[in-house]
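*Asks:* What follows is a predicted protein model with its sequence.
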Amino acid sequence: MKKIINARITVNPEAIDQFLSYAQVIVLASNLEQGCLVYNLYQEVGIPSSFIFYEEYENQEAVDFHNSTNHFKTFIGQITEILEGSPVIEVF
């Protein structure tokens, strides 16, 4: 069954450019994964430090694979210190 993930995050306003450089790498790499149908990043209008990752996968196995990749693990390690608050992750 197809899986959709919305991951909402807020970064420190001084770290927006840094975050975007990290995010560019994960977006490109994730879209190349087998089983990933869509992996996009959106920046909220009017609140430039607020972002949402919109992700679609063929099934749970594709989500599990994504979460095990080096680019995902590296990204999480890079952004942990620049986040403001905890991410809000919704899975459908």
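*Replies:* On my side now, so go ahead.

*Asks:* mind listing what the residue nearest the centre of the chain touches?
*Replies:* Note on the chain: the residue nearest the mean C-alpha position is residue 53, at 4.5 Å, using CA atoms, centre = their mean. By CB atoms under 8 Å, 6 or more residues apart in numbering, the contact set of residue 53 is 5-7, 9, 39-41. From N, CA and C alone the C-beta is placed, and that goes for glycine too.

*Asks:* now it, which residues is it bridged with?
*Replies:* residue 7, residue 41 (DSSP bridges).

*Asks:* Residue 67 sits in which helix or strand?
*Replies:* Using DSSP states H and E, residue 67 maps to helix 60-68.

*Asks:* list the buried ones in that helix?
*Replies:* Neighbour-count burial for helix 60-68 flags 62-63, 65-66 (criterion: 16 or more other CB atoms under 10 Å).

*Asks:* Now do the lengthiest helix in the chain and helix 60-68, the angle between them.
*Replies:* The residue-count maximum for a helix in the chain (DSSP state H) belongs to helix 16-31. With axes from the mean of the first three to the mean of the last three CA atoms, to 10 degrees defining the directions, helix 16-31 sits at 140 degrees from helix 60-68.

*Asks:* Three-state assignment for residue 14, please.
*Replies:* helix (DSSP: H, G, I helix; E, B strand; the rest coil).

*Asks:* pLDDT value on it, please?
*Replies:* For residue 14, the model assigns a pLDDT of 98.
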